[in-house]
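Engineer: Give the three-dimensional model of this entry:
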Amino acid sequence: MKSRSKVARYATSMALMLSGIAGYSLVTAPAASAATYGCNGSQIDSWNNTYNGTTYATTYLFWDGTYNCVAAVKRGSYYGVKSRIRVDAWTNKDGYVPPGDDGQYLYYANFKFKGVDRCIAVETDVWNLNGNNIIQDHVPPSGYFHCG
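Structural biologist: Model (predicted):
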């Protein structure tokens, strides 16, 4: 009887562990890789885009020695769901850098722009499924950072 109960406990804990792993992988985006998000270079920064305690996206910043590339990747229940997401950039030399990337995407928006001899600022916007803007995250809040 004791060994049967031990086997049952083991089977139950394995099932819970596997279901936990499977559930986690369904809502978590892949690790930040420049190529994964249509960028080149190395990751130099990232930050969560959070509102009311919920993270709707994570913004990654990459640098290849000439260009910056920013990718805003959806998180949680928005990951894999077609909804609007936008990423924009500004530099201390150019001001707003058009065109940014704004669209109805399943996973992410990305944008590549010249970074040599420039300091940058990035904005990520996320809309809910009803079309309401729920995040407008400008980083840094004022000024520029990551001077290249």
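Engineer: From now on I want contacts and neighbour counts done on CA atoms only, so please keep to that.
Structural biologist: Fine.
Engineer: what about the strands in this protein?
Structural biologist: For the chain, strands defined by DSSP state E occupy the ranges 42-51, 54-63, 67-74, 83-91, 95-96, 101-105, 108-114, 120-127, 133-139.
Engineer: Report the inter-axis angle for the fourth one versus strand 101-105.
Structural biologist: Direction vectors for strand 83-91 and strand 101-105, defined by axes from the mean of the first three to the mean of the last three Cα atoms, to 10 degrees, enclose an angle of 160 degrees.
Engineer: burial count for the closest residue to N128 other than its chain neighbours?
Structural biologist: Nearest residue to N128, sequence neighbours excluded (Cα to Cα, 6 or more residues apart in numbering): I134, at 6.3 Å. I134: 14 surrounding residues under other Cα atoms under 10 Å.
Engineer: So this structure: which segments form each domain?
Structural biologist: 1-30, 31-139 (automatic domain parsing).
Engineer: Let me know which of the ones you listed is the nearest to G148.
Structural biologist: domain 31-139 (5.1 Å; Cα to Cα).
Engineer: hang on, the earlier thing: what's near enough to touch the residue nearest to N128?
Structural biologist: The contact partners of I134, by Cα atoms under 8 Å, 6 or more residues apart in numbering, come to 51, 125-128.
Engineer: Fine by me, thanks again.
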